[in-house]
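J.: Need a 3D model of the following:
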Amino acid sequence: MLGAAYLAGSVPVANLVARRRAGTDLREVGSGTVSGSALYAVTGFGPLALAGCVELAKGATGPLLAGRERPLLGATSAAAAVVGHNWSPWLGGRGGRGVSLLLGAGLVLAPEGTALLGLGLGLGRIARRTGAGTFVALVLLPLLLWRSRGRHGALAGAILVAPVLVKRLVGDDGRLPATPRRLLRRLVADADEAPAR
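T.: Numbers count the residues shown, from 1 in each chain. I've put the predicted structure just below:
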């Protein structure tokens with residue numbers, strides 16, 4: 001089950017759509033992140049909406065296979081999908097940030113978590129600080145699930161957000177930033193340097 005979730009997560013949907021629709025490798029534009037915002041920048045809303053639905057399904061695969069009666073296994077499976085997505089073997093270890101997969105996993109495991117992440121994304125977008133809004137939602141997710149689902153909910157929330165936060169810390173270059181200020185900026189704002197061309 002974990003292997004199937006990882007494999008589903010590893011398929012670089014956004015990059016495949018960008019290549020098909022615009023002849024563009026998302027690793028070579030903007031910050032070099034294979035993400036929905038990068039896809040939107042090169043293809044527009046329609047392809048983004050299609051890819052987004054597939055990304056939600058990728059995140060829901062593991063939890064659906066685990067079943068509702070095994071939420072920790074579902075969360076671990078979803079985290080495996082996020083790992084595959086964030087460090088895709090098809091992209092040489094590069095990838096996205098995994099938030100869309102968490103949204104899909106939450107639809108199965110804890111809809112209130114998906115609502116929180118959606119709120120963080122939306123408010124961040126309105127404030128033009130999507131990275132910061134998402135960060136706040138990620139930090140609050142285990143707390144919300146502890147409140148709504150108890151100890152196991154908090155653990156599931158921590159399992160879900162761990163690979164997303166790790167990816168934010170190490171970015172696409174796989175290294176921690178050299179200074180605490182850059183580390184904090186990367187963690188909170190999810191800001192990477194543009195890749196060298």
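
J.: Now tell me what touches the lowest-mean-pLDDT helix or strand in the chain from outside.
T.: Every helix and strand of the chain was ranked by mean pLDDT, DSSP states H and E. The lowest is helix 36-43, at a mean of 88. Helix 36-43 is contacted by residues 14, 17-18, 21-22, 24, 26, 29-31, 47-48, 51-52, 55, 96, 100, 130 when judged by Cβ atoms under 8 Å, 6 or more residues apart in numbering. C-betas here are computed from N, CA, C, even on glycine.

J.: which helices and strands sit right next to the longest helix belonging to the chain?
T.: Longest helix of the chain, by residue count under DSSP state H: helix 130-170. Applying 3 or more Cβ pairs under 8 Å, 6 or more residues apart in numbering; DSSP states H and E, one finds that helix 130-170 contacts helix 71-86, helix 99-109, helix 111-126, helix 180-189.

J.: With distance to Gly157 added, can I get those helices in a markdown table?
T.: Formatted as a markdown table, the helices and strands packed on helix 130-170 follow (distance: least, Cβ to Cβ, whole Å):
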| stretch | distance to Gly157 |
| --- | --- |
| helix 71-86 | 8 |
| helix 99-109 | 9 |
| helix 111-126 | 7 |
| helix 180-189 | 17 |
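
J.: and those as CSV, adding mean neighbour count?
T.: What follows is the helices and strands packed on helix 130-170, written out as CSV (neighbours: other Cβ atoms under 10 Å):
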stretch, mean neighbour count
helix 71-86, 26
helix 99-109, 26
helix 111-126, 17
helix 180-189, 14
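
J.: My read is that Ser35 contacts Gly96, right?
T.: Yes. Shown here, Ser35 and Gly96 form a contact pair, counting by Cβ atoms under 8 Å, at 4.7 Å.

J.: who's more crowded, those two?
T.: Neighbour tally, Ser35 and Gly96, criterion other Cβ atoms under 10 Å: the higher count belongs to Gly96, 30 against 22.

J.: check contacts around that one.
T.: Ala14, Thr33, Val34, Ser35, Gly36, His85, Asn86.

J.: Need the max-distance pair from those.
T.: Gly36 and Asn86 (13.5 Å; Cβ to Cβ).
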